[in-house]
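[1] Based on what follows, work out the 3D shape:
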Amino acid sequence: MKKRCSNKGFSLVELIIVIAIMAILIGVMAPQLIKYIEKAKVANDTQILDTLHSAITYALMDPEVQTADDKSKDWIADFTNGDDGYGGVNRINFGTGYVTGDWLTCKFVDEVTENMGFNPWTTPIAEWGFESTPDPTFGFLAPIAVPNDSGTAFMIYLQHSDRTGHKEGETYTGGYAGVEDTKVIYVK
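    Reported below is the predicted structural model:
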């Protein structure tokens, strides 16, 4: 007896139906996927700022930094008083070119660099790994530290960022308390 093979494969109509169903599913799921990707980018940028905030906090509390006989005491004063040493009030910029000379060779910067894995004052902003900003190559896409009114805490926020994930690139120049009302990515 001969066995007949009745398996002919898929018909063209069946293949077209499957492809149409897949196209509909992709069309429905793509906006959600894009939203989750943007949320992941904002979370990454927030994590970078949180790491910087923690590194600075640890350096400010380190007894060796507090007693160092170098520019570390000036750094501590800048973070508690909000003077950046360049005439700016309540702003301390990070990124290439903002800090030079003996400001970079002190115990405070060494401690922050050790905790961050790179020196935030000499590493170009484009190399920090920010993902949610419109153009991470802008030199002024820098986190800025702003001490609060009591001078005991500070926040770090990312200029031209949008924590809602819409890439609207909001700029913030206000104080410690007003950042919650903005869209910028920040850490307190």
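[2] Could you list every helix and strand in contact with the lengthiest helix in the chain?
    Scanning the chain for the helix with the most residues, using DSSP state H, yields helix 12-61. Contacts defined by 3 or more CB pairs under 8 Å, 6 or more residues apart in numbering; DSSP states H and E place helix 12-61 against helix 72-81, helix 107-116, strand 143-147, strand 154-158, strand 185-187. C-betas here are computed from N, CA, C, even on glycine.
[3] Which of the ones you listed has the lowest mean pLDDT?
    Least confidently modelled of those is strand 143-147, at a mean of 58 by mean pLDDT.
[4] circling back: check which helices and strands the next helix or strand after the longest helix of the chain is in contact with.
    Following helix 12-61 in sequence order, the next helix or strand is helix 63-66 (DSSP states H and E). On a contact count with 3+ CB pairs under 8 Å, 6+ apart, helix 63-66 meets helix 72-81, helix 107-116.
[5] Now mean neighbour count too, for these, in JSON lines please.
    Below are those laid out as JSON lines (neighbours: other CB atoms under 10 Å):
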{"stretch": "helix 72-81", "mean neighbour count": "18"}
{"stretch": "helix 107-116", "mean neighbour count": "20"}
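[6] Output the below-cut-off pLDDT ranges for the protein.
    1-7, 81-98, 133-152 (pLDDT under 70).
[7] Centroid-nearest residue for it?
    Using CA atoms, centre = their mean, the residue of the chain that lies closest to the mean C-alpha position is residue 45, 2.5 Å off.
[8] Am I right that it is in contact with residue 162?
    No - Residue 45 is beyond contact range of residue 162, at 10.0 Å (criterion: CB atoms under 8 Å).
[9] Pull up the overlap in contacts between these two.
    132, 185 (CB atoms under 8 Å, 6 or more residues apart in numbering).
[10] Could you export the helices and strands packed on helix 63-66 as TSV, including distance to residue 170?
    As requested, those are exported to TSV (distance: least, CB to CB, whole Å):
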stretch	distance to residue 170
helix 72-81	24
helix 107-116	25
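[11] number of nearby residues for the spatially closest residue to residue 161 that is not a sequence neighbour?
    Once flanking residues are discounted, residue 161 sits nearest to residue 185: 4.3 Å by CB to CB, 6 or more residues apart in numbering. Residues lying near residue 185 (other CB atoms under 10 Å) number 29.
[12] wait, isn't residue 185 in contact with residue 163?
    Yes - with contact defined as CB under 8 Å, residue 185 counts as touching residue 163 (4.6 Å).
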